[in-house]
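>>> sequence first, predicted coordinates after that:
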Amino acid sequence: MDVRIKFLGGAQSVTGSKFLLEIDEFRLLIDCGLFQGLKKLRLRNWEDLPIPAESIDAIVLTHAHLDHSGYVPRIVKQGFKGKIHCTEATADLLEILWIDSAKLQEEEAEFIKKKGYSKHENPLALYNQKDVQISLPLLKTHPFETLITLTENIQLKFYPAGHILGASIVELKVKGDTQEKNLLISGDIGRENDPVLFPPTVVKSADIVLMESTYGDRINNNEDIKETLKDHILKNIDSGVIMIPAFTVGRTQNLLLYLHDLMRTGDIPETPVYIDSPMAISVTSLYEKYDALHRLEDKAVFNDRNFHYVKDQMQSNSLKALKNKAIIISASGMLTGGRILNHLFQRLSNKNDTLLFSGYQAIGTRGRDILEGKEKIRIYGEEISVHCQYDEIEGLSAHADQTELIEWYQKIVEKPKYTFIVHGEIRAAEALKSKLENAGAKNVFIPDYLESFELFSGI
């Protein structure tokens, strides 16, 4: 039996995770994510895969974030008809995220057509809601830590990754004629002391490891997050409105927990907090359904009397009238779409308002441009000057930092034959590679886009 891997995404970039395993004639795609950020990356979303979609036998998703799952409706549109394996919470999140993603793409295509600033006569969405409805029945859900048989030679198991609800580390067992080999795919690894989710699972044996490196080059101290958030709010809340772009899954809920605690203890004044993201509102409701997957004991956290859940567009538009003493949490977290753009369009040029970043900003996103000092940002086809205050809260990320990544890896007792550093910009990947090699890891590689490797031959 021969085992090969081809990196169709998530290689020297944080987005677009897609890893094709060819186990003899069986083709298994691990993750199926959208590229985000730089235009040269986003254009890859419009390209067909380098192999026919219908030739892929199955897909395994580590978690629901769109950079790991958002290409699925597109690949189904191209002809994929197999099963998509994931955890139960991931499936519930996918229905929310995929429908929202399709709606946003359809709305953006219509807006671009109306404004006439596309070079295409009839701009289209990458996929639409019909494509999503065709994709959802292909999902096959599994509990954590249950052995799943794909073929007589291939089995897999999902372990909690601590990143978002349902996020998993995937262990893949390949049985040859004389040997069994283990492949470990980290997905996105969460934090050891996340206030909501449990720590990532340690898997002690692996022949091959695919390891994320989002924060492979930095340490994110999350011990002082509440204090930092408190300082930003007290500094800016009286003069203007504080906008916090946040990922709908995980980040929004963590922020609500921190704000609830700060107001409950009197560290900040009671302040109206507007959660202006229908998707984030839907996701928040899943925390009650999956209460065994997190450690929140106070069930009233998300029902704080100061939290206002903004569902319809009319309510969202009314937030333009706010002058100060208000916090708006909205998506998307990297300013790539969603209702946060409406607030930026209105407030980015207002020196009294504050934009407070709560998570990683990929290269090529509006968020990264603002943090790097770009003076004007293009929104809805117009150049908007950046005059508002802006800052970022470090440590809020749902990704393990460099120290946590290394500690997780070092707990693998039987050292891997090969380790592939994925899901990270090249600087982060190189830093993590160096640290792992200094700690004794052998055969550590940073694969390039579309690069292939033979993992095993004749097992």
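Thanks, I have it. As the structure is a computational prediction, the values presented were derived from the model and not from experiment.
>>> going forward, measure contacts between C-alpha atoms and count neighbours the same way
Noted.
>>> can you give me the helices in the stretch 251-400 of the chain?
Using DSSP state H, counting those that start in this stretch, the helices found in the stretch 251-400 of the chain span residues 251-264, 278-289, 313-318, 340-347, 366-371.
>>> give me the mean pLDDT for the longest one.
Averaged across helix 251-264, the pLDDT comes to 95.
>>> do the same with the third one
Helix 313-318 comes out with an average pLDDT of 95.
>>> dump the helices of the stretch 251-400 of the chain to a markdown table, plus distance to I328 and mean neighbour count.
Compiled in a markdown table, the helices of the stretch 251-400 of the chain are given as follows (distance: least, Cα to Cα, whole Å; neighbours: other Cα atoms under 10 Å):
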| stretch | distance to I328 | mean neighbour count |
| --- | --- | --- |
| helix 251-264 | 11 | 19 |
| helix 278-289 | 13 | 17 |
| helix 313-318 | 10 | 12 |
| helix 340-347 | 9 | 20 |
| helix 366-371 | 16 | 18 |
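>>> quick one: the strands in the stretch 301-450 of the chain, in order.
Assigned by DSSP state E, counting those that start in this stretch, the strands in the stretch 301-450 of the chain fall at 307-309, 326-330, 354-357, 376-379, 382-385, 389-392, 418-422, 444-445.
>>> in the chain, which helix or strand is least confident?
The least trusted helix or strand in the chain, going by mean pLDDT, DSSP states H and E, turns out to be helix 88-115, with a mean of 89.
>>> continuing past it, what's the next helix or strand?
The element immediately downstream of helix 88-115 (helix or strand, assigned by DSSP states H and E) is helix 129-135.
>>> for that next one, buried residues please.
Neighbour-count burial for helix 129-135, counted by 16 or more other Cα atoms under 10 Å, picks out 129, 131-132, 135.
>>> distance of the residue of the chain most remote from its centre relative to N153?
In the chain, counting by Cα atoms, centre = their mean, T178 sits farthest out from the average C-alpha position, at 38.4 Å. Distance, T178 to N153, by Cα to Cα, to the nearest Å: 12 Å.
>>> what's the answer for D131, then?
To N153, D131 is 32 Å away according to Cα to Cα.
>>> same check on P278?
43 Å.
>>> repeat that for L234.
To N153, L234 is 59 Å away according to Cα to Cα.
>>> surely T336 and D369 touch.
No - judged on Cα atoms under 8 Å, T336 makes no contact with D369 at a distance of 11.5 Å.
>>> where does pLDDT dip in the protein?
Counting by pLDDT under 70, the chain contains low-confidence ranges at 115-121, 299.
>>> what residue lies at the spatial centre of this structure?
When Cα atoms, centre = their mean is applied to the chain, the residue found nearest the centroid is H65 (3.9 Å).
>>> wait, what's in contact with it?
H65 sits next to 97, 249 when contact means Cα atoms under 8 Å, 6 or more residues apart in numbering.
>>> what about it, distance to D188?
As judged by Cα to Cα, H65 and D188 stand 10 Å apart.
>>> same question for S358.
For S358 relative to D188 (Cα to Cα), the value is 17 Å.
>>> equivalent analysis for K435, please.
To D188, K435 is 19 Å away according to Cα to Cα.
>>> A439 too?
With distances taken as Cα to Cα, A439 is found 21 Å from D188.
>>> who's more crowded, those two?
Per other Cα atoms under 10 Å, whichever of A439 and D188 has more neighbours is D188, with 26 against 11.
>>> for the more buried one, phi and psi?
In terms of degrees, to the nearest 10, the main-chain angles of D188 are phi -100, psi 120.
>>> go ahead and confirm it touches H399.
Yes - with contact defined as Cα under 8 Å, D188 counts as touching H399 (6.5 Å).
>>> quickly list what's touching both of these two.
Listed contacts common to D188 and H399 are H163; contacts here mean Cα under 8 Å, 6+ apart.
>>> count of residues packed around the nearest residue to I5 once chain neighbours are set aside?
Ranked by Cα to Cα, 6 or more residues apart in numbering and with sequence neighbours excluded, the top spatial neighbour of I5 is L21, at 4.6 Å. Look at L21: counted by other Cα under 10 Å, it has 22 neighbours.
>>> D48 and N236: what is the separation?
Distance of D48 to N236, given as Cα to Cα: 47 Å.
>>> typo on my end, R27
Applying Cα to Cα, the value for R27 to N236 is 53 Å.
>>> same check on S318?
Taking Cα to Cα, one finds S318 at 21 Å from N236.
>>> try L147
51 Å.
>>> among these two, which residue is more densely surrounded?
Using other Cα under 10 Å, the more surrounded residue of L147 and N236 is N236, with 18 against 15.
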